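Participant: Quick one: sequence and predicted model below, then my questions.
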Amino acid sequence: MAALQRRLVDFAAARDWQPYHTPKNLAAALSVEASELLEIFQWLTPEQAERVMDDPGSAHRVRDEVADVLAYLLQFCAALGVDPLTALAAKIDRNELRFPALRRDGGVAGGAETGDRHSSE
């Protein structure tokens with residue numbers, strides 16, 4: 001990940017794009033690319049969306065847009081000094097606390113019970 005991020009930074013530097021790669025501009029570009037990814041799925045049914053990678057043309061478009069989203073995210077993180085993997089791990093940690101996993105019987109998976117609101121007893 002770090003090597004790809006460095007490659008993107010070097011690519012932009014070789015073209016003197018740094019003045020344009022501000023956090024605001026990179027966030028906007030990231031949003032545009034995410035929207036282009038969404039556009040591929042816009043009018044598909046859920047079933048069609050699940051099969052989008054079966055068609056070589058649409059699969060190519062999906063891969064290109066995923067690459068664009070990731071490229072802008074990595075450039076955004078480089079501009080602000082954010083380690084994306086560390087940020088993701090911290091967010092998952094917080095979400096695990098905020099949203100404990102529930103078992104099918106309504107109890108908390110791997111933890112203490114939170115109450116009997118789903119109990120039939």
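Facilitator: Noted; the coordinates are in hand.

Participant: gap between the two ends of stretch 41-58?
Facilitator: 10 Å (C-alpha to C-alpha, to the nearest Å).

Participant: per-residue confidence averaged over that stretch?
Facilitator: Stretch 41-58 carries an average pLDDT of 97.

Participant: Now tell me what touches that stretch from outside.
Facilitator: With contact meaning C-beta atoms under 8 Å, 6 or more residues apart in numbering, stretch 41-58 is reached by 40, 59, 62. Yep, even glycine has a C-beta here, placed from its N, CA and C like the rest.

Participant: And that stretch, what's buried?
Facilitator: Burial within stretch 41-58, assessed by neighbour count using 16 or more other C-beta atoms under 10 Å, is assigned to residue 58.

Participant: ok, residue 72 - how many residues close by?
Facilitator: 22 (other C-beta atoms under 10 Å).

Participant: So, low pLDDT: which residues of this structure?
Facilitator: Under the criterion of pLDDT under 70, the regions of the chain flagged as low confidence span 110-121.

Participant: Only whichever of the contacts of stretch 41-58 are buried, select them in ChimeraX.
Facilitator: Per 16+ other C-beta under 10 Å, the buried members of the contacts of stretch 41-58 correspond to this ChimeraX selection:
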select :40,62
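
Participant: Pick out whichever of the contacts of stretch 41-58 sits closest to residue 1.
Facilitator: Taking C-beta to C-beta as the measure, residue 62 is the one of the contacts of stretch 41-58 closest to residue 1, at 20.4 Å.

Participant: The closest one: what's it in contact with?
Facilitator: If a contact means C-beta under 8 Å, 6+ apart, then residue 62 has 37, 40, 52-53 as its contacts.

Participant: Just name the closest of these to residue 90, please.
Facilitator: Within the set of the contacts of residue 62, residue 37 lies nearest residue 90; the separation is 24.8 Å, counting by C-beta to C-beta.

Participant: Look up the closest residue to the closest one, ignoring the ones flanking it.
Facilitator: Using C-beta to C-beta, 6 or more residues apart in numbering and skipping residues adjacent in sequence, the residue nearest residue 37 is residue 65, 3.9 Å away.
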